[in-house]
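Colleague: 3D model of this:
(2 chains)
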Amino acid sequence: MVSQEEFARFVTDYNEDYILLLTRASKRHYDCLITSFMVLKDLYNMIQVLFDTGQYTHEVLPYPYSFRADAVLMRMLGFGEEGIENIFGFLDYVKETQGMEFEACLEEGTLAMCDRVR
Amino acid sequence: MSQAIIADGIKDKTRQLIENWTTAVRDDPRIESDGKLSTPELIDHVPAIIEEICELIRSGEMPDVRNISEARVNVYTRFHQGYKGRDLVRELSLLRITLLDYLMEISSDESRAVDAKDRHEAATILNLYLDEEMRYAITVYCNPSSIAREESNENQDAT
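Modeller: Just a heads-up that it's a prediction; the model follows:
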């Protein structure tokens, strides 16, 4: 059984990691980023499923797990225009290197995983 | 079998549907929060929401907490744009009407051969998706830290 304290820590960890991964993307550090986003998506889903049980409250809201074409959200999270361009550039990079959209990669799971992890 | 026809039909018409929805939101005297937003800010994440709904219709997948990512982004950004909760609900209600009206248009077009069962399933997915979004909106707007923030904004507006 996950305690409220642990739940809050999951959300804090998720938020920190989400910003960290976006920051990497904003600096064009794309290596193994798909894998990192996959792992983070699992954490995000777990938070949503746990919260849906009605047994936990959000002390801090988790950032929404998506950055597709949403410059408004990226600006809210503190990224500048160049950083946002690079974040969206990651989506093009994924399509070029994996031959599929970012979301499809998340669905594919291990097929799109970084060689270092696979 | 006609899920793909419905999904493609809505997706191909996204731009027009968003225009209709934008007009409906701007013309609705009950929505006040949109006045602060430019048209791109108002439209913001709605195309992504329509796309996500289309993908769910295409795959026949029911919306749940794990497959409504774009809906969550919309709620999150609206909240941080200072949108009132009741305005967000009304805006989503207008989006629902816009999409359901077009779904009826697609299904009454005999050349598309959409059967009643698939139309019903598409309408169910669409409704459940927007209901999940409203459910999430309640979570965000009723969160204790959010309430404190709203009260602080209201006090600032009053001064």
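Colleague: drop to CA atoms for contacts and neighbour counts, all remaining ones
Modeller: Will do.
Colleague: what residues does chain B put near chain A?
Modeller: B:41, B:44-45, B:48, B:65-66, B:69-70, B:72-73, B:76-77, B:80, B:140, B:143-145 (C-alpha under 8 Å from any C-alpha of the partner chain).
Colleague: Generate a PyMOL selection restricted to the buried entries among these.
Modeller: Only the buried entries of the residues of chain B next to chain A go into this PyMOL selection, using 16 or more other C-alpha atoms under 10 Å in any protein chain shown:
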select buried, chain B and resi 41+44+45+48+65+69+70+72+73+76+77+140+143
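Colleague: Keep only those of the residues of chain B next to chain A that are in strands.
Modeller: Judged by DSSP state E, the subset of the residues of chain B next to chain A located in strands is empty.
Colleague: longest helix anywhere in the chain?
Modeller: Went with chain A since none was named. The longest helix of chain A (DSSP state H) is helix A:4-26.
Colleague: wrong one, I was asking about chain B
Modeller: helix B:116-142.
Colleague: Return the list of helices and strands in contact with that one.
Modeller: Applying 3 or more C-alpha pairs under 8 Å, 6 or more residues apart in numbering or on different chains; DSSP states H and E, we find helix B:116-142 packed against helix B:3-12, helix B:46-59, helix B:69-80, helix B:85-108.
Colleague: Is there contact, residue-wise, from the longest helix of chain A to chain B?
Modeller: No: legend: contact between helix A:4-26 and chain B by C-alpha under 8 Å from any C-alpha is lacking; minimum distance shown is 13.4 Å.
Colleague: Where in chain B is the helix or strand with the lowest mean pLDDT?
Modeller: Least confident helix or strand, chain B: helix B:144-158 with a mean of 64, by mean pLDDT, DSSP states H and E.
Colleague: returning to what we had before: what residues of whichever helix or strand comes after the longest helix of chain A count as buried?
Modeller: Sequence order places helix A:33-52 as the next helix or strand after helix A:4-26, per DSSP states H and E. If you call a residue buried by 16+ other C-alpha under 10 Å, then helix A:33-52 has these buried ones: A:33-35, A:37-38, A:40-41, A:43-48, A:50-51.
Colleague: How about the residue most central in space within chain B, nearest residue that isn't a chain neighbour?
Modeller: The centre of chain B sits closest to residue B:92, judged by C-alpha atoms, centre = their mean, with a distance of 4.5 Å. In space, residue B:92 comes closest to residue B:130 once its chain neighbours are excluded; the distance is 6.9 Å by C-alpha to C-alpha, 6 or more residues apart in numbering or on different chains.
Colleague: And stretch A:52-59, what's buried?
Modeller: Across stretch A:52-59, burial judged by 16+ other C-alpha under 10 Å covers A:56, A:57, A:58, A:59.
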